[in-house]
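Visitor: Next comes the sequence, and after it the predicted model I'd like to discuss.
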Number of protein chains: 2
Amino acid sequence: MKAEIITIGDEILIGQIVDTNSAWMGQQLQKLGIPIVQITSISDQAQAITKSLSEASKRAEIILVTGGLGPTKDDITKHTAAAYFQTTLRTDEEVLAHVTNFFTSRGRPMLPINEKQAEVLANAEVLFNDQGTAPGMWVTQEGIHYIFMPGVPFEMKFLMEQRVIPKLKALKGVQAIWHENLLIAGLGESFLAAEIEDIENSLPTHIKLAYLPTLNLVRLRLSAMGESLENIQAETRSYAELLAARLAAHVIDRQDRSLPAVIIQHFTENGLTLSTCESCTGGSLAAQFTAIPGASKMFIGGTIPYSNRLKELLADVPASTLNLYGAVSEQTVRAMANGTKNKLSCDYALATSGIAGPDGGTAEKPVGTIWIAVAGKYETLSKCLHLKNDRSTNIARTQLEVLFLLWNLYIKELSNPRIEDI
Amino acid sequence: MKAEIITIGDEILIGQIVDTNSAWMGQQLQKLGIPIVQITSISDQAQAITKSLSEASKRAEIILVTGGLGPTKDDITKHTAAAYFQTTLRTDEEVLAHVTNFFTSRGRPMLPINEKQAEVLANAEVLFNDQGTAPGMWVTQEGIHYIFMPGVPFEMKFLMEQRVIPKLKALKGVQAIWHENLLIAGLGESFLAAEIEDIENSLPTHIKLAYLPTLNLVRLRLSAMGESLENIQAETRSYAELLAARLAAHVIDRQDRSLPAVIIQHFTENGLTLSTCESCTGGSLAAQFTAIPGASKMFIGGTIPYSNRLKELLADVPASTLNLYGAVSEQTVRAMANGTKNKLSCDYALATSGIAGPDGGTAEKPVGTIWIAVAGKYETLSKCLHLKNDRSTNIARTQLEVLFLLWNLYIKELSNPRIEDI
């Protein structure tokens, strides 16, 4: 049994919003062992919606649809779906009571337009939405399950978790799927491929190997599908073990998670603490760590000294260093890392200072000149980046470089502890 | 002339990465006046690629394809496209020299597998990729333009900006498109719809009105397509003026940009400064501001006092306040905002402290209990949120609430300045 995701709304097509809903739904389906054949984003137009539903029904047995369930004129999903299923809309009394209560409990008057939120497809099972006024709907027709949900992310997530996933679990015919991950450092994609060529060539056809490179790191993902979860788990794991043995110390993690998540686990297990001192990355590195549950066990906090004055006040960077070398310099970024480590009393501190662009560059320090540093237990590493991208990409690449520098210093100090640590 | 975007890669389908490429490409196409009919994400499988290319060619004349151009076995886009076009691959000497230089200049040996990066579709114009080893390719067949690019975001962006967009601009038959935006505060979606019903009903069929609600705010977008850019601009603007006049003070912005971008402009124009003191949002609010060029004109920096110790050290929260009321309390969050405003010397400071989840809740303060505060020039506002979502959604909703609180306090103090300001 396969799934397809359809997201409806012009705002996705014109890039006004990034479609994070699909990624999240993809993760949930993957955990359930339901392969996803396609994600389709279309306009709020009846013809596009009808055609997508029809085409998806030829590829998949589970079709998750989000968007276009609001009360306003541009929300046409319900009427279009009714025509597609050759059915009508009916007013659901329970939903109507909920919508009415939604407004009265907030002291807001209810408009006739809001009553339309209680209209549901006559052939649908209602998926009650505690978090908003638009209910979800589940239609099964000719063996195909169509699931309609609002596009507001927290409402969609609520419906998926509380209503849809339990029902999907109960469906028959869901094939087992299994993934094994290896996060590889210190080997470029091509070298990695050469290193494991014989193992890759020996994979059976139902196991796929994917290379997912990011700066400095490559994620290897083995994916298998089959009738028995136990069998494909055992099989995929045995190939993952082969790869891990071959790649040895290059394998820095075996789970599907980000480098910050790996760092959080290692630091927590080793009783190490971390802080951040971010100028050009502006809090985004701290945000990456704190987005992960459990970060507070090792992340004590940090600062964002965007102005020179705050670099002195919050990170104890000497005014003379700033005056002599400028904010974007090796001396300043090392002072930021060391000052933060000392002032905030932690084991590791990372620092960034640079010109992310598009403005602020000079002949000597053009846009994309970014200094990074990590102060560790025994030493401080620093590096100058010369990036040539737009602001957001420059910030994103800086994040990856800093995390990798932190990881390398941590590993170095872990394997070469000072005499007093032993 | 219409466009479709196809992204290739299992990592998108299973939610291992969020497809930010499509949103970015959508924005670029929109600026060019090229409407996007569909965004499709598919697996690295020949059949899926072939079918998508074929279906897209029935809907669009411009097909942007990303992904699957790497050197490893899972990268099958080139061979699949060659079969689709009934052509072959040839080695491009210029690309081969570039790839060779890419490795030698980095002191890295080159493998035979890397030479394959210089293989291009025999019927394609090569789009030279200065930023990586996989070139882009442009194939025109039966009036349809197929544009292949690597999936690595900064390489794709480079190719779009330097190679693809200039060529797209030169294509004939591109229809004009125009959008007008109104960002609305203080009116729910349904009330807003009732308020402007007559204007909405009077819109000609080639102008669409979309409602894009987020917490506390609704964005209205008018979109028009036509032969003459001047005509549809004038027409859309006249309807936008009608809406703006009707909605008056509820309209807080007329551009397609985020609330932080609006705040940056207002603060900069009024010579106001801002800082942040984030516990549960962990730097993500600062990151939202600093992601925007020009933020440094008003954002002086901030702190992330994740631990209680740092709330005292970095935000001057009295130990007695923390002991008496706890970190998640009105007293603490107000002390964070006021302490930050005074310590860092700025006009406005915002603060967050709460339990984002999934752990850390108590009977008295369950997960989702989050206090926010904004200290302004004359007063400090605070609010308690009771959120019921997952960690990332709780953080995202907190961001929206804080930004809205900041906006409201700014507007209040702008229209009611103290006597000494006049």
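Guide: Here it is on my side, so go on. None of the values given here were measured: they were computed from a predicted structure. Residues are numbered from 1 along each chain as shown, chains lettered A, B, ... in the order given.
Visitor: average model confidence for stretch A:364-371?
Guide: Throughout stretch A:364-371, pLDDT has a mean value of 96.
Visitor: what do you get for stretch A:166-180?
Guide: 84.
Visitor: Figure out the length between the terminal residues of that stretch.
Guide: 25 Å (CA to CA, to the nearest Å).
Visitor: quick one: it near chain B?
Guide: Yes: Stretch A:166-180 is in contact with chain B by CB under 8 Å from any CB of the partner chain, via residue A:179. Where you see a C-beta, it was placed from the backbone N, CA and C, and this is true even at glycine.
Visitor: Show me what counts as buried in that stretch.
Guide: Going by neighbour count (16 or more other CB atoms under 10 Å in any protein chain shown), the buried part of stretch A:166-180 is A:168, A:174, A:176-180.
Visitor: and if you look at stretch A:316-336?
Guide: Buried residues in stretch A:316-336 (16+ other CB under 10 Å): A:317, A:321-322, A:327-329, A:331-336.
Visitor: export these to TSV and tack on distance to residue B:144, pLDDT and secondary structure?
Guide: Shown next, in TSV, are these (distance: CB to CB, whole Å; pLDDT from 0 to 100; DSSP: H, G, I helix; E, B strand; the rest coil):
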residue	distance to residue B:144	pLDDT	secondary structure
A:317	57	98	coil
A:321	59	98	helix
A:322	57	97	helix
A:327	50	96	coil
A:328	47	97	coil
A:329	52	97	coil
A:331	56	98	helix
A:332	53	98	helix
A:333	50	98	helix
A:334	55	98	helix
A:335	57	98	helix
A:336	53	98	helix
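Visitor: for these, which one is nearest chain B?
Guide: residue A:327 (10.6 Å; CB to the nearest CB).
Visitor: is chain B contacted by the helix or strand hosting residue A:159?
Guide: Per DSSP states H and E, residue A:159 falls inside helix A:153-159. Yes: using CB under 8 Å from any CB as the criterion, contacts between helix A:153-159 and chain B involve A:153-154, A:157-158.
Visitor: what residues does that helix touch?
Guide: With contacts defined as CB atoms under 8 Å, 6 or more residues apart in numbering or on different chains, helix A:153-159 is touched by A:20-21, A:24-25, A:66, A:127, A:129-132, A:134, A:136, A:149-150, B:389-390, B:393, B:396-397.
Visitor: Show the buried residues in the residues you listed.
Guide: Applying 16+ other CB under 10 Å to the contacts of helix A:153-159 flags A:20-21, A:24-25, A:66, A:127, A:129, A:131-132, A:134, A:136, A:149-150, B:389-390, B:393, B:396-397 as buried.
Visitor: Name the SS class of residue A:303, please.
Guide: strand (DSSP: H, G, I helix; E, B strand; the rest coil).
Visitor: can you tell me how far it sits from chain B?
Guide: Residue A:303 is 5 Å from chain B, where distance means CB to the nearest CB, to the nearest Å.
Visitor: Next: residue A:102.
Guide: In terms of CB to the nearest CB, residue A:102 sits 11 Å off from chain B.
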